[in-house]
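1. here's a sequence, model it:
(one chain, ligands or ions: 2)
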Amino acid sequence: MSRERQAVERARKAFLTGRSKPLDYRIGQLKSLQRFVVERQKDISDALKKDLNKSKLGTPLYETLGLEGEILLAVNKLAEWAAPRPVEKNLLTLSDQVFIQPEPLGVVLIIGAWNYPWAVTIQPLIGAIAAGNAAVVKPSEVSAHTSKVMEELLPLYLDKEMYPVVTGGVPETQELLKQRFDHIFYTGNSTVGKLVMEAASRHLTPVTLELGGKSPCYIDKDCDITIACRRITWGKYTNCGQTCIAPDYILSPTVLRDVKPDAKVMQEEIFGPLLPIITVSGVDDAIRFINEREKPLALYVFSQDNKTSSGGVLANDCLVHFSVSALPFGGVGNSGMGSYHGKFGFDQLSHLRGCLIKKLGMEGVNQMRYPPHTAKKLDWARFFILKQVDVARVGRMAMLALLAVIAAVVLQVRIKKNNRALHANCVQ
Ligand SMILES: NC(=O)c1ccc[n+]([C@@H]2O[C@H](COP(=O)([O-])OP(=O)(O)OC[C@H]3O[C@@H](n4cnc5c(N)ncnc54)[C@H](O)[C@@H]3O)[C@@H](O)[C@H]2O)c1
Ligand SMILES: CC(C)=CCC/C(C)=C/CC/C(C)=C/C=O
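-> Ligands and ions are numbered 1, 2, ... in the order given. Below you'll find the predicted structure:
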């Protein structure tokens, strides 16, 4: 049996013991992960120096501070996230319990990329642990030293049966992808993303794909150009331009250099320190240009005009939306599917189970669905199903009383009808 298969089977066995479900266990594991990040900061930054020449201070700033924040948030909010979520009731369920119960999915596969190897591999793991899953962690082989630190040190802190680290390259990842998972969380390029989704489809496994793309940056003529240039330069050249959400090209009424829209540099994600500038005639032209292309992971707008700002874009800055745990982070179309960070990561890796716990009473109301079906019953069904009631405003007790009256009326109608039938039979 392959090493990869063994790891998945071990994780499945651990999950099936049920020990990852209690919140105390999840919080304990999250706190151990926090301890790992703090105590092993030197191992982490030494490995990143060797892998990607990242600086000693850049490592906490761009990779591990965000992880610490996400762990802290998950520890503090877990009870709230994992609790049953009551939902609005309709007339038919007024006296029942109706709620959403987040449940663990099972065994999650996390495939990380090399460019921010801690942020993009451990952050999904935080969501997986918080949601009560087991997880097989597959760091990128490109950042080999980091991968080794994860393989050697994470098991000293985490439940190693529940969260095994599997290292290796393409053959090892492909062997992992042959196994059955309950969710696959992949970060990397779109071409491999398609292979991951294809492999997942064989087991009908849901996927989160955190991909890349060409994130446009629109600079309006009336923006503060000094600040815009400083922030865009930071966003573009951080990590040598190898950031999934780096501004990829600029659409600028201020002409610096013309780049033809069909130039090679405008066809694929650049992922390096090149920043083409495209001249457009205004915001409408910029929107048309962006919409003609694949959907990007991020959109940057530098403008005083807040009409150009909307959800899912970052106005007047670059990259920093990644650090806001309250925002879902993820792509759309060619830049990916699914999202995470904070509660979104918890929800992404949970099964949001719809629960309806019915009372045995109020059987009168149910007469309308039992055969024989009549026009009168259909009228009642229309009323119960289509009537919109603001239960909070009317008051729960008043609604229950109303429901009881309606149930009695429906029941009465049925009794009268039965009596009539009985009478007719007797007369015959
Ligand atoms: N959306 C995000 O959060 C995010 C974050 C980081 C990077 N990215 C994107 O990722 C890309 C850069 O990463 P990359 O793809 O070079 O990373 P990579 O080369 O590290 O590959 C990612 C993972 O895919 C696996 N893999 C590679 N080829 C495979 C194959 N043929 N079959 C199965 N598995 C395979 C690798 O083992 C690795 O674990 C960029 O497009 C960037 O924008 C996105
Ligand atoms: C330092 C602050 C405020 C934010 C960090 C922004 C940043 C560099 C995000 C990188 C996000 C990321 C993992 C991208 C993947 O390629």
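2. give me the residue from the chain nearest ligand 1.
-> Residue of the chain nearest ligand 1, by C-beta to the nearest ligand atom: Gly212 (2.0 Å). Just so you know, the C-beta spots here come from the backbone N, C-alpha and C atoms, and that holds for glycine as well.
3. assess the claim that that residue and Glu268 are in contact.
-> No - using C-beta atoms under 8 Å, Gly212 is not in contact with Glu268, being 9.6 Å away.
4. show me what contacts Leu48?
-> With contacts defined as C-beta atoms under 8 Å, 6 or more residues apart in numbering, the neighbours of Leu48 are 54, 59, 63, 117-118, 143, 145-146.
5. with respect to ligand 2, which of those is nearest?
-> Sorting the contacts of Leu48 by how near they are to ligand 2, with C-beta to the nearest ligand atom, puts Glu63 at the top with 7.7 Å.
6. what's the most distant pair in the contacts of Leu48?
-> For those, the maximum inter-member distance is 13.7 Å, found between Glu63 and His145 (C-beta to C-beta).
7. measure Ile126 to Lys31 for me?
-> When C-beta to C-beta, to the nearest Å is the yardstick, Ile126 and Lys31 sit 12 Å from each other.
8. of the two, give the one with the bigger neighbour count.
-> Ile126 (25 against 14; other C-beta atoms under 10 Å).
9. my guess is the more buried one contacts Ile71, does it?
-> Yes - between Ile126 and Ile71 a contact is recorded at 5.7 Å, counting by C-beta under 8 Å.
10. overlap in contacts of those two?
-> 30, 33.
11. about what we covered before: the more surrounded of Glu63 and His145?
-> Comparing Glu63 with His145 by other C-beta under 10 Å, the one with more neighbours is Glu63, at 23 against 17.
12. what's the more buried one in contact with, if anything?
-> For Glu63, the set of contacting residues under the criterion of C-beta under 8 Å, 6+ apart consists of 44, 48, 54, 116-119.
13. A helix includes it, no?
-> Yes - secondary structure of Glu63 (DSSP: H, G, I helix; E, B strand; the rest coil): part of a helix.
14. what's the separation between it and Ala128?
-> The value you get for Glu63 to Ala128, if C-beta to C-beta is used, is 18 Å.
15. I'd like to know how many residues surround Phe181.
-> The burial metric for Phe181, expressed as a neighbour count using other C-beta under 10 Å, is 27.
16. wait, it sits on Val207?
-> No - under the contact definition of C-beta under 8 Å, Phe181 does not touch Val207, with a separation of 9.4 Å.
17. list residues touching both of the two?
-> When contacts are counted by C-beta under 8 Å, 6+ apart, the set common to Phe181 and Val207 consists of Ala200.
18. need the strands for this structure, in chain order.
-> Per DSSP state E, the chain has strands spanning 85-86, 97-104, 107-111, 134-138, 183-187, 207-210, 215-219, 247-251, 277-278, 300-302, 314-315, 336-337, 350-357. These are given in chain order.
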